[in-house]
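> Sharing a model prediction with you, sequence too.
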Amino acid sequence: MTRRTAAGALGVLVAVGAVACAPTPIDLPDTGYPWHRRIVATTFWVGEVFDPAAPDGSQRVSAYDSMWLESYGGCDGVVVDEECRTEPRTAVNGFFPTRMTPRQNPFYLDLPYDDVNDDKGFAHRGDVIPWADEPGYIDDVDDRSVSLMKNRWVILHREGRVCFGQIQDAGPGEYRDAAYVFGDDDRRPDNTRYNGAGLDVSPALNGCLGFTDLDGQDDRVDWAFIDDEDVPDGPWKRIVTDSPVQ
């Protein structure tokens, strides 16, 4: 993949930093990675249990953290009748949860490529993940205790709003969709559930991006990977998650 120059990276900072979370039309910046446009995004949250019978029906754990609920600090929402539910998020407090204090970044998401638990995902990650051959990653390609996906940053856009989040899980629905996640042809996700969703976003991202529904499946976003050093300051950097796989 052709990567941009340092001057291009500065352009990302200027273009994005000026409009983050503002409902103003913008040109999508060049992050050095392909943009995926008009992708259905659903909402998930730490502590959610949407299908107790399904192997992937609980957000008490994630693909990369078997104790995600504890690591995060509890339900990323409100507990009603012992059920963890989502809540509206606003800019008043930086889209942070209102009933708890998170230990990790509340701006999180998932993408349908599990590079640790899925056998094919792990076997092919050195070939498909664009940064797999870069320092800080290349030595860990064959180490299954390390994820090359967890904690990576993504830039998201919806109707003029630009926000940023870190990958903390895999899904929805699929776990080895390399052609969609890393492809440069803007193809649609393989997933056919949840209106063909290609990612889940956290309540903080739901609010930051101005989703129409708290827990729907009709909102669409544009997204792209972005390198750590190109992520501008914002509420998404109040807490940056750097925890390993566990």
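Now that the structure is in, tell me what you want to look at. Numbering: from 1, shown residues only.
> When you work out contacts or count neighbours from here on, use the C-alpha atoms and nothing else.
Noted.
> can you give me the strands in this structure?
36-43, 78-80, 83-85, 108-111, 153-158, 161-170, 199-201, 220-226 (DSSP state E).
> now for the second one, which elements pack on it?
I take that to be strand 78-80. strand 83-85 (3 or more C-alpha pairs under 8 Å, 6 or more residues apart in numbering; DSSP states H and E).
> likewise the fourth one?
Identification of packing neighbours for strand 108-111 by 3+ C-alpha pairs under 8 Å, 6+ apart yields strand 161-170, strand 199-201.
> Other residues contacting that strand?
165-172, 181, 198-202, 204-205 (C-alpha atoms under 8 Å, 6 or more residues apart in numbering).
> Pull the most distant pair out of the residues you listed.
Longest distance between any two of the contacts of strand 108-111 is 22.0 Å, between V181 and A204; criterion C-alpha to C-alpha.
> Looking at the two, which is more packed in?
Between V181 and A204, counted using other C-alpha atoms under 10 Å, the more crowded position is A204 (30 against 24).
> isn't the more buried one right up against R89?
Yes: using C-alpha atoms under 8 Å, A204 is in contact with R89, at 6.0 Å.
> Any chance of JSON lines for the helices and strands packed on strand 108-111, columns mean pLDDT?
Output for the helices and strands packed on strand 108-111, formatted as JSON lines (pLDDT from 0 to 100):
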{"stretch": "strand 161-170", "mean pLDDT": "98"}
{"stretch": "strand 199-201", "mean pLDDT": "98"}
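> Check what pLDDT the most centrally placed residue in the chain gets.
With distances taken as C-alpha atoms, centre = their mean, L109 lies nearest the centre of the chain, 2.5 Å away. If you check L109, the pLDDT there is 98.
> what does the one 10 residues further on give?
D119 is assigned 98 on the pLDDT scale.
> and it, how far is that from Y113?
Relative to Y113, D119 is positioned 11 Å away (C-alpha to C-alpha, to the nearest Å).
> Buried ones in stretch 220-227, by neighbour count?
Going by neighbour count (16 or more other C-alpha atoms under 10 Å), the buried part of stretch 220-227 is 220-226.
> how about the helices in the protein?
With DSSP state H, the ranges of helices along the chain come out as 6-17, 68-72, 119-128, 178-182, 203-208.
> For burial, what's the neighbour tally of Y175?
Y175 has 21 nearby residues by other C-alpha under 10 Å.
> Give the residue farthest from the middle of this structure.
Here the centre of the chain is the reference, and by C-alpha atoms, centre = their mean the most remote residue is D81, at 28.6 Å.
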